[in-house]
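Participant: For reference, the sequence and a predicted model appear below.
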Amino acid sequence: MNEHRTPSDIHPCLTYADAHAAVDWLCRAFGFTKRLVVPGPDGTVQHSELSLGTGVVMVSSPRPGRQPPGTAGGHATTLSVYVPDPDQHFAQAVASGATVTQPLRDEEYGARGYSVTDLEGHNWYFGNYRPGAHWEHDSAERP
């Protein structure tokens, strides 16, 4: 793993019905660079990271609780926010009334974090993960 490469602490997570097509289109249409694609079951995208300048968006296929726009039963967008102490942050969020949608846990990719919805239902993931740790190419390279 490389040391993280993005200085940003907020990383939007977008859910697409056809995440593979979305990754290709976002790179072609908006100039993103494909950094990482983690395959999921049945040809889906479990997770991906695309960069543009110092920013990163993460794209995935639908799964329980995360659905593309216009689909009932989940969120199309999640704001992923880096926090240095997920345990303390989780306690603060719960004490303030956030609704837990994914309990605090150690992720299989090495991070620790949790998901909540805010007072109006926006989905948030807070954890100690920053995109870039698994990138293989320098930021100047294009797919």
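Facilitator: That came through, no problem.
Participant: tell me the contacts of P68?
Facilitator: 15-17, 62, 76 (CB atoms under 8 Å, 6 or more residues apart in numbering). C-beta here means a position set from N, CA and C on the backbone, and glycine is covered the same way.
Participant: distance of it from D106?
Facilitator: Distance of P68 to D106, computed by CB to CB, to the nearest Å: 28 Å.
Participant: which stretches of this protein form strands?
Facilitator: Applying DSSP state E to the chain gives strands spanning 10-15, 33-39, 45-52, 55-60, 65-66, 74-75, 77-82, 99-106, 112-117, 123-127.
Participant: The fifth one - what's its average pLDDT?
Facilitator: So the one you mean is strand 65-66. Averaged across strand 65-66, the pLDDT comes to 86.
Participant: Now do it: distance to the chain's middle.
Facilitator: 12 Å (CA atoms, centre = their mean, to the nearest Å).
Participant: For it, name the packing helices and strands.
Facilitator: When contacts are defined as 3 or more CB pairs under 8 Å, 6 or more residues apart in numbering; DSSP states H and E, strand 65-66 packs onto strand 74-75.
Participant: Mind listing the residues bridging to G127?
Facilitator: The partner list for G127 in beta bridges (DSSP bridges) reads Y82, G113.
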